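# below: sequence and its predicted model.
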Amino acid sequence: MQLVDLTPDDPDVINVFSDIDRLINSLYPVATAQSLSVSELGQANVYAIGLKSEEGIVACGAIVRQFDTVPYGEIRRLYVKPSHRGKGLSRRIMQILLHHAGEEEIPLIRLETGPKQAESISLYENLGFQRCASFGNYTDNPHSLFMELGLSQ
């Protein structure tokens, strides 16, 4: 498996983002989705990576530099194809994203997930994330759970 940067013109990236959208739309009302779009991958504040095999992108994730009351990085599009789950790929992607955040001196990492994604929540808690209030453009709703992790400088 090869670590690759996700680019907006890669058909494998377009396919995996479609897979993510189908999954999220099957779990939650479409109106709650605030996903990173394929076209946003080219923006300077986005660092997006994937693990690619002969099947295409099998795992991916991104960190987006944001600023609310404080600067932070937001984890977006963390996903592992069902056929590759249980192999530690989401943890590997998260570790790479957190390492990147440390290198870029991003002091705080935040994310939004849903209560139906128990495995994801467990991973985030295991990595040290704690639940927090909504942030950025998000509003409190029963389909969203917010978490954050402070990075020591």
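Here it is on my side, so go on. Residues are numbered from 1 along each chain as shown.
# and the longest strand anywhere in the chain, average pLDDT?
Longest strand in the chain by number of residues (criterion: DSSP state E): strand 56-67. The average pLDDT for strand 56-67 rounds to 95.
# and for stretch 99-114?
Stretch 99-114 comes out at a mean pLDDT of 95.
# swap in stretch 70-81?
Taken as a whole, stretch 70-81 has a mean pLDDT of 94.
# can you list contacts of it?
With contact meaning C-beta atoms under 8 Å, 6 or more residues apart in numbering, stretch 70-81 is reached by 16-17, 19-20, 23, 35-36, 48, 55, 58-66, 87, 89-90, 93-94, 97, 101, 104, 106-112, 120, 135-136, 148. For the C-beta atoms, the positions are set from N, CA and C on the backbone; glycine is no exception.
# now, which of those residues lie within helices?
Those of the contacts of stretch 70-81 mapping onto helices are 16-17, 19-20, 23, 89-90, 93-94, 97, 101, 120, per DSSP state H.
# hmm, which of these are the buried ones?
Among the ones in helices among the contacts of stretch 70-81, the ones that count as buried by 16 or more other C-beta atoms under 10 Å are 16-17, 20, 89-90, 93-94, 97, 101, 120.
# same list (the residues you listed) but as TSV, adding distance to Leu41.
Formatted as TSV, these follow (distance: C-beta to C-beta, whole Å):
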residue	distance to Leu41
Val16	12
Phe17	9
Ile20	13
Leu89	19
Ser90	19
Ile93	15
Met94	18
Leu97	14
Ala101	17
Ser120	21
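# by pLDDT, give me the weakest of those residues.
Lowest in pLDDT among those is Ile20, which has 88.
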